[in-house]
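Structural data only, the sequence is not supplied:
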C-alpha cells in the first residue's frame with residue numbers, strides 16, 4: 001500500500017493473490033479509514049483518496065519483461081498500491097471502460113505505453129500520472145454504439161482468459177484476439193507485424209535484461225475497496 005494511503009487506512013487481513021493476469025480482476029483487499037493517527041503522523045482525511053477511486057486501473061510501475069496486463073477493469077471502484085485508478089471524464093460508461101482497457105492491452109496500446117515510460121532500473125519502469133493523462137489513447141467517446149458494443153463483447157469474451165507476458169505476445173492467442181477485435185472495430189489493418197517488432201524490443205527480452213517469470217511475484221499487488 002502506498003505511503004499516502006497507508007497513513008489514511010488500515011488494511012484487512014488477506015490472502016495474497018497472484019499478480020494481474022486477466023483483463024478483469026476483483027478487489028483483493030478491504031480498507032477501513034483510520035480513526036486515530038499513526039504514531040508520529042497526523043490523521044488525514046480518507047475521503048480525498050476514496051474520491052480518486054475508479055473501476056479502471058493503469059499500471060503505475062511494472063517490469064516489462066514479465067508484465068501481462070498494463071491495464072485492468074474491476075467490477076467496483078477501487079484504489080490500489082501499484083496502479084493508477086482512473087475514471088472517464090464523461091462519467092461511468094461500462095462499454096467505454098471495457099473498450100479502453102481492451103485497447104490498452106492491445107499491441108497498439110502497449111507500444112504507446114512503452115513510449116511514455118520513465119526508466120528506473122533495467123526492465124523496471126514507472127508511469128507518471130501527468131504523462132499518462134497526456135498519452136494518446138483510443139477516443140472511446142468518439143466510437144459509435146456498434147463499435148462500443150463490438151469491443152464490449154470482445155472484452156466479455158476474453159476477460160477471464162489468462163494473458164501471457166507481453167514478451168510472448170506473438171504466441172499468445174488471447175492477445176491476438178484482442179488485436180483482431182480492435183482492428184475489426186476500428187477498421188484498421190492487421191497489426192501482427194507490429195506485434196513481432198514489439199516482442200523484439202530489448203526491454204522485453206528476459207535474456208538481455210536478466211529477468212524471468214519468477215520475478216513476477218516479487219511485488220505484492222493490492223486492489224482495495
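The structure has been received and is ready for your questions. In this text the structure is predicted, and so the values were computed from the model without any measurement.

buried ones in the helix or strand where residue 101 lies?
Per DSSP states H and E, residue 101 falls inside helix 94-104. Neighbour-count burial for helix 94-104, counted by 16 or more other CB atoms under 10 Å, picks out 95-104. (Each C-beta comes from the backbone N, C-alpha and C, glycine too.)

Equivalent analysis for stretch 35-50, please.
46, 49.

and what of stretch 20-37?
The neighbour-count check on stretch 20-37 (16+ other CB under 10 Å) flags 20-25, 27-29, 31, 34 as buried.

What is the end-to-end distance of that stretch?
One end of stretch 20-37 sits 32 Å from the other (CA to CA, to the nearest Å).

follow-up on the earlier one: tell me the average confidence for the helix holding residue 101?
Averaging pLDDT along helix 94-104 gives 97.

by contact count, what packs against it?
Contacts defined by 3 or more CB pairs under 8 Å, 6 or more residues apart in numbering; DSSP states H and E place helix 94-104 against strand 54-59, strand 71-80, helix 107-114, helix 145-158, helix 173-186.

Tell me what angle it forms with strand 54-59.
Computed by axes from the mean of the first three to the mean of the last three CA atoms, to 10 degrees, the angle separating helix 94-104 from strand 54-59 equals 10 degrees.

For the residue sitting nearest the centre point of the chain, which non-adjacent residue is closest in space?
In the chain, the centroid-proximal residue (CA atoms, centre = their mean) is residue 71; its distance is 1.8 Å. Excluding the flanking residues, the one nearest residue 71 by CB to CB, 6 or more residues apart in numbering is residue 104, at 3.7 Å.

From residue 49, how far off is that neighbour?
For residue 104, the distance to residue 49 equals 23 Å [CB to CB, to the nearest Å].

How about residue 40?
20 Å.

what does residue 81 give?
Distance from residue 81 to residue 49, by CB to CB: 12 Å.

Let me have the buried residues of helix 94-104 in TSV, adding distance to residue 155 as columns.
What follows is the buried residues of helix 94-104, written out as TSV (distance: CB to CB, whole Å):
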residue	distance to residue 155
95	9
96	11
97	9
98	4
99	7
100	10
101	7
102	5
103	10
104	11
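
Residue 136: which of these is nearest?
Checking the buried residues of helix 94-104 against residue 136 with CB to CB, the nearest one is residue 103 at 10.7 Å.

Nearest spatial neighbour of that closest one, chain-adjacent residues omitted?
residue 138 (4.0 Å).

Under a three-state scheme, what state does the one you found occupy?
At residue 138 the chain is in coil, as set by DSSP: H, G, I helix; E, B strand; the rest coil.

Please list all residues in contact with residue 169.
107, 110, 175-176, 195, 198-199 (CB atoms under 8 Å, 6 or more residues apart in numbering).

How many residues are close by residue 126?
14 (other CB atoms under 10 Å).

What residues of stretch 73-87 count as buried?
By 16+ other CB under 10 Å, the buried positions in stretch 73-87 come out as 73-74, 77-86.

Over to stretch 189-206?
Across stretch 189-206, burial judged by 16+ other CB under 10 Å covers 191, 194-195, 198-199, 201, 203-206.
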